[in-house]
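Undergrad: below are the sequence and a predicted model; questions follow.
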Amino acid sequence: MGSRERGRRKASEFPPFSLVGSRYGPVQLPHHIATETELSSGITMDVEYDVIVLGTGLKECILSGLLSVNGLKVLHMDRNDYYGGESSSLNLKQLWKRFRGNDEAPESLGSSKEYNVDMIPKFMMANGGLVRVLIHTDVTKYLNFKAVDGSFVYNKGKIYKVPATDVEALKSPLMGLFEKRRTRKFFIFVQDYEENDPKSHEGMDLNKVTARDLISKYGLEDDTIDFIGHSLALHSDDRYLDEPAIHFVKKMKLYAESLARFQGGSPYIYPMYGLGELPQAFARLSAVYGGTYMLNKPECKVEFNENGKAFGVTSEGETAKCKKVVCDPSYLPDKVQKVGKVARAICIMSHLIPETNDSHSVQVILPQKQLGRKSDMYLFCCSYSHNVAPKGKYIAFVTTEAETDQPEVELKPGVDLLGPVDEIFYETYDRFEPKNNHEDDNCFISTSYDATTHFESTVDDVISMYKKITGKELDLTVDLSAASAATEE
């Protein structure tokens, strides 16, 4: 199945979806037990599939699972012999081979198979879209999660915990006394706001009032607006200020509700063993609902008829027919355009990130204005507590939308916050988005992964693609309240 040395577990070995072993105690999410169905290995060329999915990146695997659950006949192919595509997870030898050209990593770093380094590391908002998809599809039974310890923001050269409630606002050293009171009033408005309750609107229609106008009503300072917009509402730039305030308020509420969900130090959760488990979990889901999977299929050439519409995919001289093709940008390079570039540093360390309250897993957001940039910078750190590295080792990423061709220089403000590192790898990759009209060619192409260290933009793309493919809204109304947090004994 996969190429990782740790070895893939059978679905029956996966415990129910739960948050385990965090310092805040285990957390149980709702789950159901289903019978095990192994992945199919055969391909039937005389059958027309509703959808052929190319690439086993996370977006493609989620869509494959959702479409199979929706009753569509799905064939899923990948030119690689492992799951994950761009969002794969590497052990230490694979990491060394990719960045250093050989697999001879220093012995001092520990066992290769104990490393699970995600190439697109992103935390999940506890009440966010991806968790809703996991519960909606019942993929929860294949995965084990753990709360993320900390959520921080960079301000004037220092790291601060992100205050997310009126109580935290009053305690935060980010603000002076009078600003704390103003911020507290604003947080109370956001916490009390209900779209269907006009009494909570304070006379404002947030579908018409901009975020800038809403914020000005409370007289908040620029630095306060900066951390609220970027580390709470998770906007990656300042365009949101001139858009309807409803989106801004909903994002703030999502953060606060996610934080309250598990009573942890952050609103985020992350899978044990890293994100490499996610594509496989959705692959199993698709197989349970009759989807067919084929790895290591060379070329995977999309075939078009005389009207320019995709009708199948050819590999090794055989063509499988389909009504629609779903893929990542690498499979149809002529139908995508470059829209940017991500710069990142991958670091192996032997210590926690300083000034993060001894957090073994943490996100730090560096808002664009704090660095004099056009886009935010993100710090991501995970460790042996999530089984992504040997005991005593930490994996840290620094990522941003590249604005130069010098990642070492550009990422320095973030790397400097890490302290000493054992090893560091720099890389840039291009970001693409589709330029085709799916109604003309039956091709549905995902966008490349951005620099953010959370999943909200990824899920937005999946939900948008699902609607285009099926013509239906994806109903993610799930029983989030069924989750309960247990206290540690």
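TA: Yep, that arrived. Numbers count the residues shown, from 1 in each chain.
Undergrad: what segments of the stretch 201-350 of the chain are helices?
TA: 211-217, 222-227, 245-261, 277-288 (DSSP state H, counting those that start in this stretch).
Undergrad: list the buried residues in the longest one.
TA: Applying a neighbour-count criterion of 16 or more other C-beta atoms under 10 Å, the buried positions in helix 245-261 are 245-246, 248-249, 251-259, 261. C-beta: built from backbone N, CA, C; applies to glycine.
Undergrad: equivalent analysis for the shortest one, please.
TA: Of the residues in helix 222-227, those with enough neighbours to count as buried (16+ other C-beta under 10 Å) are D223, T224, I225, D226, F227.
Undergrad: average pLDDT across that helix?
TA: The average pLDDT for helix 222-227 rounds to 92.
Undergrad: just checking, what packs against it?
TA: strand 150-155, helix 177-192, helix 368-371 (3 or more C-beta pairs under 8 Å, 6 or more residues apart in numbering; DSSP states H and E).
Undergrad: only C-alpha atoms, please: export the last one in PDB.
TA: The C-alpha trace of helix 368-371 is given here as PDB (Å, rounded to 0.1, in the frame of the first residue of the first chain):
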ATOM      1  CA  GLN A 368       1.900  40.300   7.500                       C
ATOM      2  CA  LYS A 369       2.100  43.800   9.000                       C
ATOM      3  CA  GLN A 370       4.400  42.600  11.800                       C
ATOM      4  CA  LEU A 371       7.000  41.600   9.200                       C
END
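Undergrad: follow-up on the earlier one: any idea which of the helices and strands packed on helix 222-227 is most buried?
TA: strand 150-155 (a mean of 24; mean count of other C-beta atoms under 10 Å).
Undergrad: only C-alpha atoms, please: export that one in CSV.
TA: C-alpha atoms of strand 150-155 as CSV (Å, rounded to 0.1, in the frame of the first residue of the first chain):
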residue,chain,number,x,y,z
GLY,A,150,-1.0,25.9,21.8
SER,A,151,-2.1,28.7,19.4
PHE,A,152,0.1,31.8,19.4
VAL,A,153,0.6,35.1,17.5
TYR,A,154,3.7,37.1,16.9
ASN,A,155,3.5,40.8,17.9
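Undergrad: what residue is smack in the middle of this protein?
TA: F455 (2.6 Å; C-alpha atoms, centre = their mean).
Undergrad: for that residue, report the pLDDT, please.
TA: pLDDT, F455: 88.
Undergrad: was I right to think it contacts L130?
TA: Yes. Counting by C-beta atoms under 8 Å, F455 touches L130, with 4.6 Å between them.
Undergrad: what touches both of these two?
TA: Residues touching both F455 and L130 by C-beta atoms under 8 Å, 6 or more residues apart in numbering: M124.
Undergrad: what about the most far-flung residue of the chain relative to its centre, distance to D205?
TA: Most distant from the centre of the chain: E306, at 38.4 Å, with distances by C-alpha atoms, centre = their mean. The spacing between E306 and D205, counted by C-beta to C-beta, to the nearest Å, is 51 Å.
Undergrad: for Y289, same thing?
TA: Shown here: Y289 relative to D205, a distance of 43 Å by C-beta to C-beta.
Undergrad: my guess is G340 contacts T400. True?
TA: No. Using C-beta under 8 Å, G340 is not in contact with T400, being 10.6 Å away.
Undergrad: and D50, how many residues sit next to it?
TA: By other C-beta atoms under 10 Å, 17 other residues sit near D50.
Undergrad: and for D237?
TA: Neighbours around D237, by other C-beta under 10 Å: 15.
Undergrad: again, but for K208
TA: Neighbour tally, K208, other C-beta under 10 Å: 10.
Undergrad: let me see the contact set for it.
TA: P244.
Undergrad: report pLDDT for it.
TA: 95.
Undergrad: against S216, how distant is it?
TA: 15 Å.
Undergrad: which residues in the stretch 251-400 of the chain form strands?
TA: 268-271, 292-294, 301-304, 310-315, 318-327, 336-349, 362-366, 377-383, 394-401 (DSSP state E, counting those that start in this stretch).
Undergrad: my guess is A320 meets Y49, correct?
TA: Yes. The pair A320 and Y49 passes the contact test of C-beta under 8 Å, sitting 6.4 Å apart.
Undergrad: between these two, what contacts are shared?
TA: L75.
Undergrad: got a list of what the residue farthest from the centre of the chain touches?
TA: E306 neighbours (C-beta under 8 Å, 6+ apart): none.
Undergrad: same check on M124?
TA: L130, V131, F145, Y268, I269, Y270, H454, F455.
Undergrad: hmm, H76 is touching A287, no?
TA: No. Applying C-beta under 8 Å, one finds H76 not in contact with A287, separated by 9.1 Å.
Undergrad: those two: who's more crowded?
TA: H76 (30 against 22).
Undergrad: quick one, what contacts that one?
TA: By C-beta under 8 Å, 6+ apart, the neighbours of H76 are I52, V53, T56, E60, C61, S64, A283, S286, G291, T292, Y293, M294.
Undergrad: can you give me phi and psi for it?
TA: phi -120, psi 120 (degrees, to the nearest 10).
Undergrad: neighbours of K158, just the number please.
TA: Count around K158 with other C-beta under 10 Å applied: 12.
Undergrad: do D242 as well
TA: Neighbour tally, D242, other C-beta under 10 Å: 10.
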